[in-house]
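In: sequence isn't available, so here's the structure alone:
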Ligand SMILES: [Zn+2]
């Protein structure tokens, strides 16, 4: 029990540290800035952040969300992404324990979180995230080689119908990044969970988007990335259980 708690704390701390790196990706990738060589700096006054300004979560809280030098507000997105990434890691660990799944799903969760925020802000999913998830999928296939066809079918099962919609509507029905995302996630989740992930993403997307349009008069452009990502994350962890439960009514 103590052992589990210690590992859970370590995984959460890892999560917020990686979350801090995700913030860097979220701001710099759409602007094509280098994510390694550029030093982190204040967006208002250019103050170069010292190591003690870069401690995930705690620095933002200690500075109460303001730049140490010019007191300009620092977006609440920084601590939210860090904390959320930590929580996503923690949930994965509580579901999968110490296993290869935990490693793969944590990395997947980070990619999904970053691409969701970028898609929400820019309506684009940088292709690197989809490639990264596909690579995780390939590792997954290698560790479960006897079921390789499940994952191979997963790659095509949602992406091909979406591609046909994309082709017929000339790109207005669905974004190319969403199609690649569902191909990559299929390789990681297998075809059954991937279909479920897509359906869940669509339901979440429709409900939340309608609410947002009602409440805030949000524009009608819909970034699907965040909703598909939520569906993928949920189904990676609980998809098989949900399917078993659903199919039990027909057994
Ligand atoms: Zn500043």
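Out: Looks like it came in fine. What you see is a predicted model, and the numbers here were worked out from it, not measured in a lab.

In: which intervals of the stretch 101-250 of the chain have sub-threshold pLDDT?
Out: 218-220 (pLDDT under 70).

In: from it, which residue is nearest to the ion?
Out: residue 121 (21.5 Å; CB to the ion). C-beta coordinates here come from the backbone N, C-alpha and C atoms, glycine included.

In: what sits against that residue?
Out: By CB atoms under 8 Å, 6 or more residues apart in numbering, residue 121 lies in contact with 26, 30.

In: up against the ion, what does the stretch 1-150 of the chain have?
Out: Within the stretch 1-150 of the chain, the positions lying close to the ion (CB under 5 Å from the ion) are 42, 44, 45, 47, 67, 69, 70, 72.

In: assign the second one to helix, strand or coil.
Out: Think residue 44. Here residue 44 is coil, with the state taken from DSSP: H, G, I helix; E, B strand; the rest coil.

In: so it is in contact with residue 71, correct?
Out: No: between residue 44 and residue 71 there is no contact under CB atoms under 8 Å: 9.0 Å.

In: still on that earlier bit, and the residues of the stretch 1-150 of the chain next to the ion, which of them are buried?
Out: 42, 47, 67 (16 or more other CB atoms under 10 Å).

In: quick one: the second one and residue 63 touch, right?
Out: No: in this structure residue 47 lies outside contact range of residue 63 using CB under 8 Å: 11.5 Å.

In: skip ahead from the helix or strand containing residue 103 and say which helix or strand is next.
Out: When elements are assigned from DSSP states H and E, residue 103 belongs to helix 100-122. Using DSSP H and E, the helix or strand that follows helix 100-122 in sequence is helix 127-143.

In: about what we covered before: next, the angle helix 127-143 makes with the helix holding residue 103.
Out: Calculated by axes from the mean of the first three to the mean of the last three CA atoms, to 10 degrees, helix 100-122 forms an angle of 160 degrees with helix 127-143.

In: ok, now how distant is the residue of the stretch 101-250 of the chain closest to the ion from residue 114?
Out: 11 Å (CB to CB, to the nearest Å).

In: one more: residue 207?
Out: For residue 207, the distance to residue 114 - CB to CB - is 24 Å.
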